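J.: structure, please.
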Amino acid sequence: METAKQEKGKKGEQMAADYLRSKGYQILETNWRMGHLEVDIIAIGNNMLVFVEVKTRATNAFGEPEVFVDLAKQRHLIRAANIYIGKNGIDKEVRFDIISVILNEGVKSIKHIEDAFKPRW
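T.: Numbers count the residues shown, from 1 in each chain. Below is the predicted model of the structure:
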């Protein structure tokens with residue numbers, strides 16, 4: 001059985017995927033996993049492969065949801081992206097986005113932050 005937090009997270013991810021589709025993105029994967037690594041959404045938009053981290057919160061009282069994508073999470077996403085690209089032989093430019101969702105009773109907001117971070121080589 002899912003916790004309320006897990007349910008809210010799933011709802012936020014579904015809203016984010018719907019949002020991306022409405023903007024013309026093609027969703028390739030949702031909740032893609034490889035070992036302990038996970039990417040919420042993998043999509044193609046503007047001929048780029050886009051790896052999306054979705055952060056859903058009930059409120060921004062403790063900061064905007066996107067600020068919780070710390071350096072460790074970014075490294076996990078970059079590692080997952082490298083594995084996904086290698087396994088699927090994809091030859092496209094890559095971008096890392098964050099979609100921030102505020103979801104509570106009666107209030108819903110989505111903020112799409114394109115190119116939210118870059119791999120640090």
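J.: what kind of secondary structure is Glu13 in?
T.: helix (DSSP: H, G, I helix; E, B strand; the rest coil).
J.: thought Glu29 was touching it, still the case?
T.: No. In this structure, Glu13 is not within contact of Glu29 by Cβ atoms under 8 Å, at 11.6 Å. Backbone N, C-alpha and C define where each C-beta goes, glycine included.
J.: which positions in stretch 78-88 come out as buried?
T.: Residues Ile78, Ala80, Ala81, Tyr84, Ile85 are the ones in stretch 78-88 that count as buried (16 or more other Cβ atoms under 10 Å).
J.: can you list these in TSV and add distance to Phe68?
T.: Putting the buried residues of stretch 78-88 into TSV (distance: Cβ to Cβ, whole Å) gives the following:
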residue	distance to Phe68
Ile78	17
Ala80	17
Ala81	19
Tyr84	23
Ile85	25
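J.: what mean pLDDT would you report for stretch 23-40?
T.: Stretch 23-40 carries an average pLDDT of 96.
J.: for Asp70, see how far away the most centrally placed residue in the chain is.
T.: Centrality entry for the chain: nearest residue to the mean C-alpha point is Glu53, 2.1 Å, by Cα atoms, centre = their mean. Going from Glu53 to Asp70 by Cβ to Cβ, to the nearest Å gives 11 Å.
J.: tell me where this protein has strands.
T.: Along the chain, the segments classed as strands by DSSP state E run 26-34, 37-45, 48-57, 93-104, 107-117.
J.: look at Gln74 and say how many residues are nearby.
T.: By the criterion of other Cβ atoms under 10 Å, Gln74 has 18 neighbours.
J.: what's the pLDDT at the nearest residue to it once chain neighbours are set aside?
T.: The shortest distance from Gln74 to any non-neighbouring residue, by Cβ to Cβ, 6 or more residues apart in numbering, is to Phe117 (5.1 Å). We have a pLDDT of 91 for Phe117.
J.: also Lys11?
T.: So Lys11 comes in at 89 (pLDDT).
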